[in-house]
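A.B. asks: this one's sequence-less:
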């Protein structure tokens, strides 16, 4: 917890045991990413391996991360979080809450950062791929039965298509528990701010409700929104945050209330549920410490009761719910307004310099491309030595205020040979934009919903984008269809008080139109926040400006801080093939298991130079 205007400095040292590797086959390297912080003055501190820095190895010198909690670094008061950006470390617990408090808070609301709920589905081990519980601030219990999936269903779950699992007996179910559920103490007739963070790993959105209480949403992804009152539920996908205000009661029963958390291994069909609770406790209320959530989560889903429920940010996978909103009690992002307007977002129809259309082809690609990371991080590359890129570069022309861009595609890379599932391109996918404060770039994200895929939560580093349009169809769509609809002016855009997000679920058979301000020079990864998806390459880089820009005062150049430029990382970048393309081998390392797709070429790397 820090305060508005504070300077945060993190002296980060990797002391991970040199004999250990990660379950995904990556090394024992690591990084630190502040999720939601723009890092305007220090893009080298964004913490993304092979994009803004090399991964930190054990024994490397201390890495100095940080930011200024103000507009200097684009970090206003709000709810953020931090996590590793290497392999499955975030899934395995390398994350935490980050709260920036206002210097002058709203005196009518109790804003205690201790009232923060960090939510994540929990896996029994780093090699188990199906969750068996849900954690709230690291606390939870596994029920008398737990989920189990066959291999095919596990793969469907990881791909975001949903795993149809079954319950099996939990052989480790104890007679008594050594852990309790999280507890939050409140007083009567008082307004409390609760901060909710979706530290979710895979396609496992989570719904929060509070027994016998309604609440008001006042912020999402760190920024204020017009209050959304009388809510019974709010959903969070991986990376999202919501701030809510709970007005406590004047009279209460003897037993404490449950804050209920619910998710599904197959969210599209609401199959294979998991649930957990935290306690909301008034003075003198009692907590039943023997309580364990029912393994089938009976009584946890109240969203089908339209006479009672009012749900914010439901997973956008139901066409009827989408078309009937918000009158049906389902409030999607398209129905939300920001408290602040962005006056330049469409100024005289000149502010948008260009539009790119990105389709999630083959489920887990951007325009049929998967990211192949370079040996030299994007931020540190000499622009005269760049090779292997796909995407586009947009050059700035004209005179202020009548600026424009000319965009040219990088050379296409060859599509992989083999099955249709592998029919994608591997390349360094970059969309390069000029640094142009006051101007914006537009992206239309298209989810074609092939085989009931995920409502991919798309996260942008380097700052928020503003959601100016969203739509959903009751039929199959693709990039050409959406581009044709746009040419006919059938994609509506609303600019006044458009909501800001840094992570957004894109509706299946639908699209989202986002606009990003071009005022933050650097190389910023843009990716699906489902861990399996980003690991196999559902990512690209939004580059704003260029290292060594033509004039030191025109803002095109960016700061690389203390990092060495044009130098290859010691550790090779990960493979986008969905399995480790290399396995690191250490002297004396502990036994480790690697799951490698049949036919994948695997390179064994001896990385301990102290032995031969």
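C.D. replies: Cool, got the structure. These numbers come from a predicted model, not from an experiment. Residues are numbered from 1 along each chain as shown.
A.B. asks: all helices of the stretch 501-612 of the chain, in order?
C.D. replies: Ranges of helices in the stretch 501-612 of the chain, per DSSP state H, counting those that start in this stretch, are 531-535.
A.B. asks: Any stretches of it with poor pLDDT?
C.D. replies: By pLDDT under 70, the weakly predicted segments of the stretch 501-612 of the chain are 549-555, 577-612.
A.B. asks: Look at the residue nearest to residue 334 when sequence neighbours are not counted and tell me its secondary structure.
C.D. replies: The spatially closest residue to residue 334, leaving aside those adjacent along the chain, is residue 470, at 4.3 Å (C-beta to C-beta, 6 or more residues apart in numbering). (Each C-beta comes from the backbone N, C-alpha and C, glycine too.) Classification of residue 470 using DSSP: H, G, I helix; E, B strand; the rest coil returns strand.
A.B. asks: So what's the residue count around residue 470?
C.D. replies: When counting by other C-beta atoms under 10 Å, one arrives at 24 neighbours for residue 470.
A.B. asks: Let me see the contact set for it.
C.D. replies: 332-334, 507, 510-513 (C-beta atoms under 8 Å, 6 or more residues apart in numbering).
A.B. asks: wait, which of those is closest to residue 245?
C.D. replies: Nearest to residue 245, judged by C-beta to C-beta, of these is residue 333 at 19.5 Å.
A.B. asks: start to end distance for stretch 525-538?
C.D. replies: With C-alpha to C-alpha, to the nearest Å as the measure, stretch 525-538 spans 10 Å from end to end.
A.B. asks: residue boundaries of the helices in the protein?
C.D. replies: For the chain, applying DSSP state H gives helices covering 151-159, 319-324, 479-487, 531-535.
A.B. asks: Tell me the helices and strands packed up against the last one.
C.D. replies: Meaning helix 531-535. strand 522-528 (3 or more C-beta pairs under 8 Å, 6 or more residues apart in numbering; DSSP states H and E).
A.B. asks: Can you pull out the residues in contact with the strand it packs on?
C.D. replies: 39, 43, 46, 48, 51-52, 364, 371, 377-379, 454, 456-463, 533-534, 538-545, 558.
A.B. asks: mind listing what's buried in stretch 113-129?
C.D. replies: Of all the residues in stretch 113-129, those buried under the rule 16 or more other C-beta atoms under 10 Å are 115-123, 126, 129.
A.B. asks: Return the distance of residue 504 relative to residue 336.
C.D. replies: Residue 504 is 11 Å from residue 336, where distance means C-beta to C-beta, to the nearest Å.
A.B. asks: Who has more neighbours out of these two?
C.D. replies: Set side by side, residue 504 and residue 336 show more neighbours around residue 504, with 29 against 21, by other C-beta under 10 Å.
A.B. asks: returning to that earlier point: adding pLDDT and distance to residue 495, write the buried residues of stretch 113-129 out as JSON lines.
C.D. replies: Shown next, in JSON lines, are the buried residues of stretch 113-129 (pLDDT from 0 to 100; distance: C-beta to C-beta, whole Å):
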{"residue": "115", "pLDDT": "98", "distance to residue 495": "34"}
{"residue": "116", "pLDDT": "98", "distance to residue 495": "33"}
{"residue": "117", "pLDDT": "98", "distance to residue 495": "33"}
{"residue": "118", "pLDDT": "98", "distance to residue 495": "34"}
{"residue": "119", "pLDDT": "98", "distance to residue 495": "32"}
{"residue": "120", "pLDDT": "98", "distance to residue 495": "35"}
{"residue": "121", "pLDDT": "97", "distance to residue 495": "36"}
{"residue": "122", "pLDDT": "96", "distance to residue 495": "41"}
{"residue": "123", "pLDDT": "94", "distance to residue 495": "42"}
{"residue": "126", "pLDDT": "74", "distance to residue 495": "45"}
{"residue": "129", "pLDDT": "89", "distance to residue 495": "42"}
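A.B. asks: quick one: which of those residues is nearest residue 12?
C.D. replies: For these, the residue nearest residue 12 by C-beta to C-beta is residue 118; the value is 20.2 Å.
A.B. asks: Not counting residues beside it along the chain, what's closest to that closest one?
C.D. replies: residue 197 (4.7 Å).
A.B. asks: Tell me what the one you found is bridged to.
C.D. replies: residue 118, residue 241 (DSSP bridges).
A.B. asks: dump the residue contacts of it.
C.D. replies: Contacts of residue 197 (C-beta under 8 Å, 6+ apart): 79, 81, 97, 116-119, 236, 241.
A.B. asks: Any idea which helix or strand in the protein has the lowest mean pLDDT?
C.D. replies: Ranked by mean pLDDT, DSSP states H and E, the helix or strand of the chain with the weakest confidence is strand 582-585, at a mean of 55.
A.B. asks: hang on, the earlier thing: pick the most deeply packed of the helices of the chain.
C.D. replies: Compared across those, helix 531-535 shows the largest average neighbour count, a mean of 24 (mean count of other C-beta atoms under 10 Å).
A.B. asks: on that earlier part again, just send the buried residues of stretch 113-129 back as a markdown table, with distance to residue 219 too.
C.D. replies: Converted to a markdown table, these look like this (distance: C-beta to C-beta, whole Å):
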| residue | distance to residue 219 |
| --- | --- |
| 115 | 14 |
| 116 | 13 |
| 117 | 14 |
| 118 | 16 |
| 119 | 16 |
| 120 | 21 |
| 121 | 24 |
| 122 | 27 |
| 123 | 30 |
| 126 | 33 |
| 129 | 33 |
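A.B. asks: what bits of the stretch 301-450 of the chain have low per-residue confidence?
C.D. replies: Across the stretch 301-450 of the chain, the ranges flagged by pLDDT under 70 are 304, 306-307, 363, 414-422, 450.
A.B. asks: quick one: the strands in it?
C.D. replies: Counting by DSSP state E, counting those that start in this stretch, one finds strands in the stretch 301-450 of the chain at the ranges 311-312, 330-331, 352-359, 369-371, 389-399, 402-409, 425-433, 440-447.
A.B. asks: Which elements pack onto the fifth one?
C.D. replies: In terms of contact count using 3+ C-beta pairs under 8 Å, 6+ apart, strand 389-399 is assigned the packing partners strand 352-359, strand 402-409, strand 425-433.
A.B. asks: Touching the longest one from outside, list them.
C.D. replies: Outside strand 425-433, the residues within contact range by C-beta under 8 Å, 6+ apart are 353-354, 356, 366, 368-374, 378, 388-394, 405, 410, 412-416, 441, 518, 537, 539-544, 546, 576-577.
A.B. asks: If anything else comes up later, I'll come back, but that's it for now.
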